[in-house]
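Asker: using only what follows, build the 3D model:
(chains A and B)
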Amino acid sequence: MYLYVLRRLLYTLPILVGVTLICFSFIHLAPGDPINAVLPENASADVVAQVKAAYGFDKPLPVQYLIWFANVLTGDFGLSIMTRRPVLSEVGPAVAHTALLAVTAILLSFVLGAGLGLAAGMTDRRSTDRAVSTFAVFGISVPHYWLGMILVVIFAVKLHLLPATGMGPSASDLTQFGMEDFRHLLLPAITLAMIPAGIIARSVRATVAEIRRQEFVQTLKGKGLKRPRIFLHVIKNAAPPTIAIMGLQFAQLLGGSILVETVFSWPGTGFLLNAAITTRDLPLLQGTVIVLASFFVLTNVAVDIFQTLLDPRVRRV
Amino acid sequence: MPLDATPARNGTIAEVNDLSVRFVTRDRDVLVVDGVSFTLAAGEVLCLLGESGSGKTVTMRSLLRLLPPSARIGGRIDVAGHDVTAMSDRQLERLRGPVAAMVFQEPMTAFDPVFTIGTQIAETIVSHEGISYRAARARALELLELVQIPSAARRLDAYPHELSGGLRQRAMIALALSCRPALLLADEPTTALDATVQIQILLLLRQLQRDLGMATIFVTHDIGVACEVADRVAVMYGGRFVETGPIDQVIAQPAHPYTVGLLNSTVHEISRGAPLVPIPGGPPDLADMPPGCSFAPRCSAKSTRCDEIRPVLAPISAGRAVACHHPTLAGAKP
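Answerer: Numbers count the residues shown, from 1 in each chain, chains lettered A, B, ... in the order given. Purely as a prediction, here's the structure:
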């Protein structure tokens, strides 16, 4: 088991290298460069060359990449071109802000999605099943920036119940987390939770309905077990695929949503990525991408390990 | 309070009267079991014999009301003096396990794959007898030893996929016996197993049945299996009993043309050396049954009467009955 975990962690390294390589090439395929964005338009060619040399942009691309990579290995992610602050001190808080949002959204979507999915999967009533399916399709297909704006209009503008934008006063410092922070968190979290909730509801419904058709449920009934105990069997069987789906959704949420974070002015990774791309802030972009990719890959490893623990049939060595 | 599991005063453990089961969905209404009646004495082994779709499994499962929600049961079913058709869900939970228990056909799919064998047996005992989980696990171990599973203590913590088919079926039997049922229902318990394992499981079942004095209903399509375990046999065709009687008499002198056909199409001791003769045609469409005898379209001895009037199950000699206008038994009058 430990060997399996170790091997899975080792496998993540080439993935991460690949991600940074692709990201690095793509930003250089796109027109425009970071120097134009920082220097005034009338800067002399001399100054441009000087600044380029200072950032190392005069070297061939592969060399630039290797230098960056070597620095990362020593823990140095470089300086943001726009803010001239270390990349990590930009990415760190953004990831924390997005993580707060992502964790809240995934919990919400789990409660909502798993609850509705179970209800639909366990019932023999067609109407309940239909209602849940309708909700799931709505959740998956509604554009979430649109939903975000509608929620803002209803709860902030019309009803004055919740703040429209921004984080609460204590940002992501959880030790100071208070009611005001919670009120700020609510609308963006609900908006972000819709898609995963729909996906989880649909998956749980299908999984549970499939499990209930299996022969062993007849055995459970045939040996006179009470309904709650049978329910427990169904849940344990439905857990591994549900956790897999949730892990993927969570990893996606961690990446931050540019659209939702923009609608709610939430200073997370989506916000940061957007800024880094528009200003061609290469060190910041690369740093953000590698941090996000690590989270994504690690979440998937965690999901695999969880599944292995829950389902004896997939026990890997 | 547990349900009483003792046989009625006249010694019968199960009594089925004019049982009918139909499966009703929005666009289909199929009569799967049609007017089946039988009684089962304590300690007796009855074999329901028939091809797939003949209603034998549904008949047996009706005794536990273990049928899909679309099933509509008619007639009367008494198990250990309890009217099963009138039972609430709570009463059914108390019936299933301590009064009557079932062994399923496919031991691979009949166990929950994510719980250990020991847990699945112990939870049953805990649920019915309210004893501690520890005590229930100790009983589970005894049960695994009873069904002769080697190194039983280790197998208690095994998951179903870690056992071979034969061991899984033994564990399934242990599960069925866990609450000491008065009636054991076995649904083709050997069909999914290798031939060599089949006979071991049959011998085990027969021995346990005799040692524990359980009445048993055994569903099979295999005459050889029926001969091995049964006291009495009921041959089913198209959802009805077509012939009933003591197994040795029915095998030696089959009265119904379908039983004759079954015997001619299977390898067994009596027919050794003779060529196998298949029954022409296929099983009847339950949604579109002929008005007369359901076997008439495939029967070599049929007359016009067979197409018009459905034969009823009528006694032909002591303990034997047949539903046929032209029974083949020598000296029998229709």
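
Asker: not counting its neighbours along the chain, what's nearest A:Pro241?
Answerer: Residue nearest to A:Pro241 in three dimensions, not counting chain neighbours: A:Thr207, with 5.3 Å by C-beta to C-beta, 6 or more residues apart in numbering or on different chains. Every C-beta, even on glycine, is put in place using the N, C-alpha and C of the backbone.

Asker: for that neighbour, grab the count of nearby residues.
Answerer: 21 (other C-beta atoms under 10 Å in any protein chain shown).

Asker: quick check, it in contact with A:Ala238.
Answerer: Yes. With contacts counted by C-beta atoms under 8 Å, A:Thr207 reaches A:Ala238, the gap being 4.6 Å.

Asker: joint contacts of those two?
Answerer: A:Gly121 (C-beta atoms under 8 Å, 6 or more residues apart in numbering or on different chains).

Asker: B:Arg310 should be in a helix, yeah?
Answerer: No. Counting by DSSP: H, G, I helix; E, B strand; the rest coil, B:Arg310 falls outside a helix, being coil.

Asker: what separation is there between the closest residue to it other than its chain neighbours and B:Ser300?
Answerer: Closest residue in space to B:Arg310, ignoring its immediate chain neighbours: B:Gly292 at 5.5 Å, by C-beta to C-beta, 6+ apart. Relative to B:Ser300, B:Gly292 is positioned 16 Å away (C-beta to C-beta, to the nearest Å).

Asker: one more: B:Ile279?
Answerer: B:Ile279 is 9 Å from B:Ser300, by C-beta to C-beta.

Asker: now A:Ala275
Answerer: Distance from A:Ala275 to B:Ser300, by C-beta to C-beta: 88 Å.

Asker: between the two, who's got more neighbours?
Answerer: Just comparing A:Ala275 and B:Ser300: by other C-beta under 10 Å the higher neighbour count belongs to A:Ala275, 19 against 9.

Asker: quick check, that one in a helix?
Answerer: Yes. Assessed by three-state DSSP, A:Ala275 belongs to a helix.

Asker: who's in contact with it?
Answerer: A:Met82, A:Asp281, A:Leu284.

Asker: reformat the residues you listed as CSV; add pLDDT.
Answerer: Listed next are those as CSV, based on pLDDT from 0 to 100:
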residue, pLDDT
A:Met82, 76
A:Asp281, 81
A:Leu284, 86
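
Asker: tally of neighbours for B:Thr25?
Answerer: B:Thr25: 10 neighbours (other C-beta under 10 Å).

Asker: swap that for B:Glu51, please
Answerer: By other C-beta under 10 Å, neighbour count at B:Glu51 equals 15.

Asker: which positions in the lengthiest helix in chain A come out as buried?
Answerer: Determined from DSSP state H, the single longest helix within chain A is helix A:87-122. Judged by neighbour count (16 or more other C-beta atoms under 10 Å in any protein chain shown), helix A:87-122 contains these buried residues: A:87-88, A:90-91, A:93-102, A:104-106, A:108-110, A:112-114, A:116-122.

Asker: show me what it is packed up against.
Answerer: If contacts are counted by 3 or more C-beta pairs under 8 Å, 6 or more residues apart in numbering or on different chains; DSSP states H and E, helix A:87-122 sits against helix A:126-141, helix A:179-212, helix A:227-254, helix A:269-278, helix A:282-310.

Asker: output the contacting helices and strands for the second one.
Answerer: In terms of contact count using 3+ C-beta pairs under 8 Å, 6+ apart, helix A:179-212 is assigned the packing partners helix A:87-122, helix A:126-141, helix A:144-151, helix A:227-254, helix A:258-263.

Asker: can you pull the buried residues of it?
Answerer: A:181, A:184-209, A:211.

Asker: next one: the last one
Answerer: Under the neighbour-count criterion of 16+ other C-beta under 10 Å, helix A:282-310 has A:282-293, A:295-297, A:299-300, A:302-304, A:306-308 buried.

Asker: now the helix or strand encompassing A:Asp46, how far from the chain's geometric center?
Answerer: A:Asp46 belongs to helix A:45-55 when elements are defined using DSSP states H and E. From the chain centre to the centre of helix A:45-55 is a distance of 37 Å (C-alpha atoms, centre = their mean, to the nearest Å).

Asker: buried set for that helix?
Answerer: Per 16+ other C-beta under 10 Å, helix A:45-55 contains these buried residues: A:Val51, A:Lys52, A:Tyr55.

Asker: what angle separates it from helix A:282-310?
Answerer: 30 degrees (axes from the mean of the first three to the mean of the last three C-alpha atoms, to 10 degrees).

Asker: elements contacting helix A:45-55?
Answerer: In terms of contacts (3+ C-beta pairs under 8 Å, 6+ apart), helix A:45-55 is packed against helix A:34-38.

Asker: B:Gly43: neighbour count?
Answerer: 17.

Asker: returning to what we had before: switch the contacts of A:Ala275 over to CSV; also include distance to chain B.
Answerer: As requested, those are arranged in CSV below (distance: C-beta to the nearest C-beta, whole Å):
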residue, distance to chain B
A:Met82, 52
A:Asp281, 49
A:Leu284, 46
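
Asker: closest one of those to B:Ala255?
Answerer: Ranked by distance to B:Ala255 (C-beta to C-beta), the contacts of A:Ala275 are led by A:Leu284 at 91.0 Å.

Asker: so that closest one sits against A:Pro86, correct?
Answerer: No. Assessed by C-beta under 8 Å, A:Leu284 is found out of contact with A:Pro86, at 10.0 Å.

Asker: hmm, who's touching the worst-scoring helix or strand of chain B on mean pLDDT?
Answerer: One helix or strand of chain B scores below all others by mean pLDDT, DSSP states H and E: helix B:223-229, with a mean of 84. Helix B:223-229 is contacted by residues B:45, B:47, B:49, B:190, B:198-199, B:202, B:205-206, B:209, B:216, B:218, B:220, B:233, B:247, B:251, B:262-263, B:266-268 when judged by C-beta under 8 Å, 6+ apart.

Asker: next, the buried residues of that helix.
Answerer: So for helix B:223-229, counting by 16+ other C-beta under 10 Å, buried means B:Ile223, B:Val225, B:Ala226, B:Cys227, B:Glu228, B:Val229.
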